[in-house]
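Asks: I would like the atomic coordinates for the input below:
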Amino acid sequence: MSSITENGQLFNRTTQAIIYNFKIEPVQRMLDFDYLCKREIPSVAALVTPGSGNGNQKVFFGATEIFIPIFGSTEEAAAAFPNASVFISYASFRSAYISAFQALQIPSIKVLAIIAEGVPEADTRRLISESKKKNKVVIGPATVGGIQAGAFKIGDTAGTVDNIIACKLYRPGSVGFVSKSGGLSNESYNILAKATNGLFEGIAIGGDVFPGSNFLDHLLRFEKIPEIKMMVVLGEIGGTEEYGIVNALKEKLITKPIISWVSGTCAKLFPTEVQFGHAGAKSGKDTESAHAKNAALKEAGAIVPDSFEGYMKAISETYQKLVSEGIIVPNTEPETPQLPTNFSILHSQGGVRRPTGIVSTICDDRGEEPTYATVPISNLITDEDSCIGDTVSLLWFKRRLPKYAARFIEIVLMLTADHGPCVSGAHNTIVAARAGKDLVSCVASGLLTIGPRFGGAIDEAARNFRKAVISEQSADDFVEEKKRAGVLISGIGHRIKQHYDKRVELMKTYAEAHFPVTRHLKFALAVEAITLQKAANLVLNVDGCIASLFLDLMESCASFSKDEIDEIVEIGYLNGLFVLARTIGLIGHALDQKRLKQPLYRHPWDDVMYWS
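Replies: Alright, predicted model coming up:
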């Protein structure tokens, strides 16, 4: 393993991580640590849920809620956050290898922490080999992670907030620590806080037989870090990792004081080999015993106590010696930080944080004037070229569209605002108005009729046309496919129009004059040419025209990505155009009936076919 920086540090106060297959508790603990350390930016840059669509996760950064973006792959997350240098994997032991191997191929990822236990040894060895080729650091598998005090921590390292405060990990000390065990690391951080000025960096390399990085890798880094004045190692029975330290001490590669203890000395009391928890914690040979390794370390120059009971004393004596020599100068202890308490835990006291009930990204009414997608409404009013299409584009799509696109939205609203009193929506509104219902109820009764058979076919038409155009399907094949499936073609056909619909012609004329490309419209017209041969009323209707032209609008204005276009079509934005427009007409019909004081409507019996 090679160090990440010239001075050996893996982390600093600006280090950020991408967390794979994330769990919310470790994410929140990392952010709570950030707050205690008074970091300016969160240490979690992005989250990855494999195979999912993109989204956001609400979390706390102190008392403030923030969004952490979620991506479907590590590659997407790394592309969006190229400064994120740490990859933390909560993948299961089954998928840990492939996710870590993929992360190793990303240049911006420098450190990988693999939390899972039970990763196959062959997989781990392949990861170790690949990490050396890429000059990257792997911590784990079977690890809790690592921490640089006052700067950055991985996941659940160091445990609860109370433990972090008790161990004074919110500010840096002078000790570099490395162990296999996460639990014993936490205990050692507490010992260091009592016996010294605290931890600078601590790493739990993991308890598997083949850790991604070993004791010596990190101790050699600590040797280069000027803030680290002394080192502490907590080894364990089994394996030969500690002998690498012995050789380094003999070769003077490690010159800073190092206190070491290898646990498992009680193994000699058992008549047979004993497994001590970790996969690597068993001694198959005498040289792998705790006694042999402690003796070798002591002989090489490490400070080794006679028993674990003397561990804290040895650390304290070494620290005091360095202080007396002026090598360590204790700093004034800063004020102990406080973390706001969760609302559910402490409801009635100050410093409470409460999750928001609603998320809004399209408008903000907290200032002197409302903003639509960050644009003050005064900008829309003072801009003489602004139209209702600009307002729709800001509130629906969160961006300003080109003038021709905003104008097209306005044209759609004007052309589809009403189509007479006989259509189902207007009819329902009229009946409700004549029944004495209020305006909102009248309009709602009309809006509820919008669906696949009345005004609600825009989205479906858009999906069909887009799929066909992208796949380069011919109009003939498209029509034949729908025929074989026994389904009507959304966007084609009208109950009363034959050969021609003036509203469609107006939209076509505008698009041909202003749209850079109209490939979806051309496809829709090619479909119409075929269907008109079958029946005179199988025309491209308003729904189909809006669908095809809005697809062309989104492609031609360069304001939307492919994924955004797909999302807009899928969510139901385009049907929203008809809903918005027709609301204008339905309000008109309701007010018209009330103004005319029309009586309760009763359908004439001679217009009903009675059958028994």
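
Asks: go through stretch 498-514 and flag the buried ones.
Replies: By neighbour count with 16 or more other C-beta atoms under 10 Å, stretch 498-514 contains the buried residues Asp501, Arg503, Val504, Met507, Lys508, Tyr510, Ala511, His514. The C-beta positions use only the backbone N, C-alpha and C, and glycine is treated the same way.

Asks: what comes into contact with that stretch?
Replies: For stretch 498-514, the external contacting residues (C-beta atoms under 8 Å, 6 or more residues apart in numbering) are 404, 407-408, 411-412, 415-416, 494, 518, 521, 525, 532, 536-537, 539-542, 545-546, 549, 552.

Asks: what sits against the closest residue to Asp418 other than its chain neighbours?
Replies: Distances taken as C-beta to C-beta, 6 or more residues apart in numbering place Gly585 nearest to Asp418, at 2.9 Å, with adjacent residues excluded. The contact partners of Gly585, by C-beta under 8 Å, 6+ apart, come to Ala417, Asp418, His419, Gly425, Ala426.

Asks: and which of these is nearest Gly235?
Replies: Nearest to Gly235 among those: Gly425, at 77.2 Å, using C-beta to C-beta.

Asks: so how far is Ile450 from that closest one?
Replies: 6 Å (C-beta to C-beta, to the nearest Å).

Asks: out of the two, which sits in the busier spot?
Replies: Gly425 (25 against 19; other C-beta atoms under 10 Å).

Asks: the residue nearest to Asp418 should be in a helix, yeah?
Replies: Yes. Assessed by DSSP: H, G, I helix; E, B strand; the rest coil, Gly585 belongs to a helix.

Asks: Gly155 contacts Ala116, correct?
Replies: No. Judged on C-beta atoms under 8 Å, Gly155 makes no contact with Ala116 at a distance of 11.8 Å.

Asks: quick revisit: mark which of the buried residues of stretch 498-514 are part of helices, please.
Replies: Arg503, Val504, Met507, Lys508, Tyr510, Ala511, His514 (DSSP state H).

Asks: now those residues in a markdown table, with distance to Cys557 and pLDDT?
Replies: Formatted as a markdown table, those follow (distance: C-beta to C-beta, whole Å; pLDDT from 0 to 100):
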| residue | distance to Cys557 | pLDDT |
| --- | --- | --- |
| Arg503 | 22 | 91 |
| Val504 | 21 | 93 |
| Met507 | 16 | 95 |
| Lys508 | 18 | 94 |
| Tyr510 | 14 | 96 |
| Ala511 | 12 | 95 |
| His514 | 11 | 96 |
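
Asks: for stretch 592-609, the distance to its chain's centre please.
Replies: 55 Å (C-alpha atoms, centre = their mean, to the nearest Å).

Asks: what's next to that stretch, contact-wise?
Replies: Under C-beta under 8 Å, 6+ apart, the answer for stretch 592-609 is Ile430, Val431, Ala433, Arg434, Ala435, Gly436.

Asks: how near is Arg13 to Leu322?
Replies: Distance from Arg13 to Leu322, by C-beta to C-beta: 25 Å.

Asks: what is the neighbour count of Phe560?
Replies: 18.

Asks: next one: Ala113
Replies: The burial count for Ala113: 29, using other C-beta under 10 Å.

Asks: tell me, what's the model's pLDDT at it?
Replies: pLDDT recorded at Ala113 is 98.

Asks: would you mind confirming that it makes contact with Ile88?
Replies: Yes. Counting by C-beta under 8 Å, Ala113 does reach Ile88; the two are 4.8 Å apart.

Asks: what is in contact with these two at once?
Replies: Gly145, Ile154, Gly155.

Asks: since we're on the closest residue to the first one other than its chain neighbours, how many residues are nearby?
Replies: Pointing back at Gly145 there. Nearest residue to Gly145, sequence neighbours excluded (C-beta to C-beta, 6+ apart): Ile154, at 2.8 Å. Ile154 is flanked by 30 other residues according to other C-beta under 10 Å.

Asks: residues in contact with Arg171?
Replies: Arg171 touches Cys37, Ala149, Gly150, Gly198, Asn331, Pro334, counting by C-beta under 8 Å, 6+ apart.

Asks: from the residues you listed, pick the one nearest Thr391.
Replies: Looking across these and measuring by C-beta to C-beta, the closest to Thr391 is Cys37, at 43.8 Å.

Asks: neighbours of that closest one, how many?
Replies: 21.

Asks: check Asn214 too.
Replies: So Asn214, with other C-beta under 10 Å, has 21 neighbours.

Asks: that older thread, surely the residue nearest to Gly145 is in contact with Val86?
Replies: Yes. Assessed by C-beta under 8 Å, Ile154 is found in contact with Val86 at 7.2 Å.

Asks: quick one: Ile41 from Leu339, how far?
Replies: In terms of C-beta to C-beta, Ile41 sits 18 Å off from Leu339.

Asks: who wins for most neighbours among the contacts of Arg171?
Replies: Ala149 (28 neighbours).

Asks: and that one, what does it touch?
Replies: Lys168, Leu169, Tyr170, Arg171, Pro172, Gly173, Gly198, Leu199, Phe200, Glu201, Gly202.

Asks: which of the helices or strands spans the residue most central in space within the chain?
Replies: Against the mean C-alpha coordinate of the chain, by C-alpha atoms, centre = their mean, the closest residue is Ile70 at 1.4 Å. Per DSSP states H and E: Ile70 is located in strand 64-71.

Asks: cool, and Leu220?
Replies: Using DSSP H and E, Leu220 falls in helix 215-224.

Asks: try Ala524
Replies: helix 519-531.
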